[in-house]
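below is the sequence, then the predicted model.
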Amino acid sequence: MQGSIELPLKPYLHKFLHKKLNIKNNEIDISYTDPIAFGILVSYALSKKRSFVLNNNPEEVGNFIDKCTSSVNLNLKSYHINKTGFILTEDAIFYINKYLDKLFRNEIFVFINSQIMYYPHLVITVAIDDFFSIFSINESDLSKQTICKIYQREKRSRAYLKSV
């Protein structure tokens with residue numbers, strides 16, 4: 001027995017996940033051995049045995065889910081279904097998207113910092129353009145200005161980046 005769940009994602013996270021997991025036909029076979037621990041997270045977040053709420057603000061979750069216009073199909077093996085059971089809640093969608101967003105931000109920060117290390121006079125927006133071209137992300141998916149502001153805030157909060 002194999003089940004399938006459609007998981008809503010933000011468009012840029014959808015493209016990021018496609019590239020990171022090398023997805024074919026918009027379907028992901030849930031595995032505990034993928035390189036970004038996505039299968040472990042999905043199993044944990046969708047488990048029926050989880051008895052706590054991940055977010056206290058239902059309005060924030062509802063507004064967030066409205067922005068999730070893309071989706072990916074998760075193929076669940078019978079082992080996962082029989083062991084814990086799965087249920088897709090708005091809370092779980094929010095949690096999974098936030099996890100992927102954090103991975104995305106970490107990846108782009110490392111990319112920008114490595115580009116600046118090798119090319120000290122590089123403008124941040126050029127590095128962001130290069131990163132977006134790798135993952136096929138458009139300005140309509142995510143604004144470069146948003147990433148610039150987030151990067152500047154992150155840079156100010158970390159002492160080791162101040163010299164870069």
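Thanks, I have it. Numbers count the residues shown, from 1 in each chain.

alpha carbons only for contacts and neighbour counts from here, please
OK.

name the element Ile28 belongs to?
strand 27-29 (DSSP states H and E).

so for the helix or strand containing Ala127, what gets flagged as buried?
Ala127 is part of helix 124-135 when elements are defined by DSSP H and E. Residues 124, 127-128, 131-132, 135 are the ones in helix 124-135 that count as buried (16 or more other Cα atoms under 10 Å).

what is the helix or strand just after that helix packed up against?
Heading C-terminal from helix 124-135, the first helix or strand you meet, by DSSP H and E, is helix 144-157. In terms of contacts (3 or more Cα pairs under 8 Å, 6 or more residues apart in numbering; DSSP states H and E), helix 144-157 is packed against helix 124-135.

show me how far the helix it packs on is from its chain's centre.
Relative to the chain's own centre, helix 124-135 is displaced by 17 Å; criterion: Cα atoms, centre = their mean, to the nearest Å.

quick revisit: of all the buried residues of helix 124-135, which comes closest to Asp29?
Asp29 lies nearest to Phe135 out of these, by Cα to Cα, at 20.7 Å.

pLDDT score for the closest one?
On the pLDDT scale, Phe135 is placed at 94.

now do it against Arg156, distance only.
26 Å (Cα to Cα, to the nearest Å).

still on that earlier bit, with distance to His14 added, can I get the buried residues of helix 124-135 in a markdown table?
Converted to a markdown table, the buried residues of helix 124-135 look like this (distance: Cα to Cα, whole Å):
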| residue | distance to His14 |
| --- | --- |
| Ile124 | 23 |
| Ala127 | 21 |
| Ile128 | 18 |
| Phe131 | 15 |
| Phe132 | 13 |
| Phe135 | 10 |
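
so which of these sits lowest on pLDDT?
Ile124 (91).

pretty sure it contacts Asn113?
No. At 9.2 Å, Ile124 does not count as touching Asn113 under the criterion of Cα atoms under 8 Å.

what lies in contact with the helix holding Ala127?
Identification of contacts with helix 124-135 by Cα atoms under 8 Å, 6 or more residues apart in numbering yields 15-16, 19, 108, 111-112, 115-116, 138, 144, 147-148.

one more: stretch 8-26?
Contacts to stretch 8-26, defined as Cα under 8 Å, 6+ apart, come from residues 34-36, 65, 67-73, 93, 97, 100-101, 104, 135-137, 141-142.

low-confidence ranges in the chain?
1-2, 48-56, 78-85, 159-164 (pLDDT under 70).

which parts of it are helices?
Under the criterion DSSP state H, the chain contains helices at 11-21, 38-46, 58-66, 78-84, 90-118, 124-135, 144-157.
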